[in-house]
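Chemist: Below are the sequence and a predicted model for it; my questions follow.
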Amino acid sequence: MTSEHLQDKEARARESNRRAWRIADGRAGLRTVYAAAVSRRGVESLRQAAARLVTARMQGLDRDRALRARGRLQAFAVRLEEMVAHGVKASDLGWAPELGTAVEGVLPTRMPGKGTGGARAAEVVSRLLGELPAGDGLTALAVVVEGADLPEPVAMNGHGSPLLPTSVALVGPGSLFANQGHFAVHTRLDSGLRVSELPVLERDIEGPLLPLVLYNLLAAPGCRKGGHGSADLALRIYVEGLCSVMQRDWQRSERRPVLVSTTLREFLTWFYPNRRPRPSEYWPRLMAACAALDREESRVPWRDQDTGQSGLRRVVSLADIPRGPEALDDSVGLAVHLPPGSTCGPKIQRSRLRYWGYTSEPAYRALVALAYQWHRPGYTRVPGNGGWVQSQDPNAYEEYSPNRIIELCYPTSVNTNRRLLVSRAWKVLRRLEEAGDVRIVGNRILPPLQDAKIIV
């Protein structure tokens, strides 16, 4: 290994160690690290790291040091396995670091008595993991964090007009999957990718489309309302997750998941802007949304232009969901893992999007799709006022055919009456126009005039 490669390896190890501590020091970080460590997966990660510590090429003092490090890592894994078996919780008191034998090193140990003294189990385990070498310049804390693929906490984007990344739109201008039939739902098989058995549209989509399963694809047709009723919660959580990551953290989110956190109280206002729902009302919907976000079909296809690698990625998921009478001030975590190649996409008005998400499912869908369709640099985005502004020239925008009008509001409808769907979609768009969220010029749909002043 050349000195350049060695330096690069050491730099990566230092960054992994720093990232692990940033996660541990973040909101609810100790509890998160503890849950990852005191698990079968965490124990196995440490054992695999221990097995890599000693190689056949090692001799003399190097081999002796590696053997001692391996013994301590194995002893720590055994102690964590015991904690798993005894059901030790992260908040349990009465724990302290204690020196065992020369082979074992320092281990988390329960103090004698009723367990009210000492420190919490999560604090002791995390601190000792951060001090325990695990080979290749990594600490045991970094090994556990990477093994569990824990998201790194980043600051919440609280801007009222956040940017959406371009890489999450499966089709549309500049998409890798445009007009290739890849807008359909995908699942992962050992043999590769295939279209799933869920309903599939039989035509190319010209506008952007997010994962179809999040568009309430599996809902019974009778549950889909014409122009009323809130949008599917999974789709709204997905979009909120995209809006919550600041542009400065997009590249970091492409490499590893990042975590944005807010209180449950604030989280609920995103989806119930006019009132606070009862737990019996929002909890079943929240669990259904989690199930939709975790489905294979909701994963986004991605391809790295630099490495040629590709696959499927869960872009947004709920990491922490508090529950209980005092849960309103507890933390809700959104894990976001953007596909590679995220560039500046459309800027949206968060308050308006939330309003329509609560009020009208097809209007919400239309605004999300239109945001991407209005973002075409050089066509609908033109230089002006020292930056790029939204063109207000109607000729810069494409005319919408009946099929495209349906795609805006009802992209997954199985209704065969196309004339009825077109009529309903135009009613939805007229409501948006009356509210000042779109302008309609003939068969063209334009952004509102105030968006002409938006500079990015």
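Modeler: Now that the structure is in, tell me what you want to look at.

Chemist: residue furthest from the geometric center of this structure?
Modeler: Farthest-out residue of the chain from its mean C-alpha position, per C-alpha atoms, centre = their mean: G60, at 47.4 Å.

Chemist: how close does that residue sit to S280?
Modeler: Distance from G60 to S280, counting by C-beta to C-beta, to the nearest Å: 67 Å. C-beta here means a position set from N, CA and C on the backbone, and glycine is covered the same way.

Chemist: Is V78 within a helix or a strand, and which one?
Modeler: Per DSSP states H and E: V78 is located in helix 60-85.

Chemist: and that helix, what's its mean pLDDT?
Modeler: Per-residue pLDDT over helix 60-85 has a mean of 86.

Chemist: just how off-centre is that helix within its chain?
Modeler: 34 Å (C-alpha atoms, centre = their mean, to the nearest Å).

Chemist: go on, stretch 373-388?
Modeler: From the chain centre to the centre of stretch 373-388 is a distance of 28 Å (C-alpha atoms, centre = their mean).

Chemist: List the buried residues in that stretch.
Modeler: Of the residues in stretch 373-388, 373-376, 380-381, 388 count as buried by neighbour count, 16 or more other C-beta atoms under 10 Å.

Chemist: Among the residues you listed, name the ones in helices.
Modeler: If you go by DSSP state H, the buried residues of stretch 373-388 have Q373 in helices.

Chemist: I figured K347 hits P165, correct?
Modeler: No: contact criterion C-beta atoms under 8 Å: K347 and P165 do not qualify, at 11.7 Å.

Chemist: quick one: which of these two has more around it?
Modeler: The neighbour comparison of K347 against P165 (other C-beta atoms under 10 Å) goes to P165, with 23 against 19.

Chemist: what's across from the more buried one in the sheet?
Modeler: Counting by DSSP bridges, P165 forms beta bridges with C344.

Chemist: So it versus R381, what's the distance?
Modeler: Plainly put, P165 is 16 Å away from R381 if you go by C-beta to C-beta.

Chemist: Same check on S16?
Modeler: Separation of S16 from R381 (C-beta to C-beta) stands at 39 Å.

Chemist: now do A36
Modeler: Going from A36 to R381 by C-beta to C-beta gives 43 Å.

Chemist: and the residue farthest from the centre of the chain, what is it in contact with?
Modeler: Shown in contact with G60 (C-beta atoms under 8 Å, 6 or more residues apart in numbering): no residues.

Chemist: got it, and E152?
Modeler: Contacts of E152 by C-beta under 8 Å, 6+ apart are 19, 22-23, 26, 252, 256-259.

Chemist: Mind checking which of the residues you listed are buried?
Modeler: 19, 23, 26, 256-259.

Chemist: Of all those, the one with the weakest confidence?
Modeler: Comparing the buried ones among the contacts of E152 by pLDDT, G26 comes last, at 79.

Chemist: which ones are touching that one?
Modeler: If a contact means C-beta under 8 Å, 6+ apart, then G26 has 32, 152-153, 259, 261 as its contacts.

Chemist: now, which of those residues lie within strands?
Modeler: Counting by DSSP state E, the part of these found in strands is 152-153, 259, 261.

Chemist: Name the nearest of those residues relative to R299.
Modeler: Checking those against R299 with C-beta to C-beta, the nearest one is L259 at 18.6 Å.

Chemist: separation between the closest one and D149?
Modeler: 12 Å.

Chemist: now E361
Modeler: Taking C-beta to C-beta, one finds E361 at 33 Å from D149.

Chemist: ditto for G87
Modeler: Note on G87: its distance to D149, by C-beta to C-beta, is 24 Å.
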